[in-house]
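# next input, structure requested:
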Amino acid sequence: MLHRGHESTGDGDGGEPAVPMAWFCAEFIADELLRTGDLMPPSSVEYRAGRDALALTVFLSGTGEELSGLQMVSRLPTWLSLTAYDQGWQDWVRERLDSLTADAEASGVRSRDLALARAAWRWLEETELLAADLDAVPGHAGTADEDDGPKVWTPAWQLGLPLGHLAIHLF
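Here you go, the predicted structure:
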């Protein structure tokens, strides 16, 4: 048992830190962007979808180093363009994850950061949330209340991505 103050963050597998700091940093940044935007309650699944989509964007577009406040602000335009509507974000995520996985396998290093990123992507792809059908015929519902309009099951990333984009824009 390690004594308090002597916890190890080093050498989990082949020099990889035991604590996945790059992923945790990306999640922290995503959480801060969403909380600042105050768009959804943090306890909602929509918030989680936005946080995971933003964390993936931050992590996969990063250099692998922690970002200071100024560095984070300088990256906002990149994140904004990556999360923009119709930019193929999901294809970009798949390609980056596959590339990082191939690099990790070639080097023989097991990346805890990459494992968490893959788990977040799996959740975003496999989880469906009931959302307003934005493709429905305008005025079809006959009411101004969004909650009464037509609904459709949507992959979580399709809700989280625009939420994350708006949070970046509001920041």
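
# what's the following helix or strand after the helix or strand of the chain with the lowest mean pLDDT?
When the helices and strands of the chain are compared on mean pLDDT, DSSP states H and E, helix 69-82 comes out lowest with a mean of 82. Downstream of helix 69-82, the next assigned helix or strand under DSSP states H and E is helix 89-107.

# buried ones in the helix or strand following that following helix, by neighbour count?
Using DSSP H and E, the helix or strand that follows helix 89-107 in sequence is helix 112-126. Of the residues in helix 112-126, 112-114, 116-117, 120-121, 123-124 count as buried by neighbour count, 16 or more other C-beta atoms under 10 Å. Quick note: C-beta positions are derived from backbone N, CA and C, even for glycine.

# assign a three-state SS to residue 154, would you?
Here residue 154 is strand, with the state taken from DSSP: H, G, I helix; E, B strand; the rest coil.

# including pLDDT and distance to residue 164, could the buried residues of helix 112-126 go into JSON lines?
Formatted as JSON lines, the buried residues of helix 112-126 follow (pLDDT from 0 to 100; distance: C-beta to C-beta, whole Å):
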{"residue": "112", "pLDDT": "91", "distance to residue 164": "23"}
{"residue": "113", "pLDDT": "91", "distance to residue 164": "19"}
{"residue": "114", "pLDDT": "93", "distance to residue 164": "20"}
{"residue": "116", "pLDDT": "95", "distance to residue 164": "17"}
{"residue": "117", "pLDDT": "95", "distance to residue 164": "15"}
{"residue": "120", "pLDDT": "97", "distance to residue 164": "12"}
{"residue": "121", "pLDDT": "97", "distance to residue 164": "14"}
{"residue": "123", "pLDDT": "97", "distance to residue 164": "15"}
{"residue": "124", "pLDDT": "97", "distance to residue 164": "11"}
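
# of all the residues you listed, which comes closest to residue 50?
Among the buried residues of helix 112-126, residue 124 lies closest to residue 50 (C-beta to C-beta), at 10.1 Å.

# nice, that's everything, thank you.
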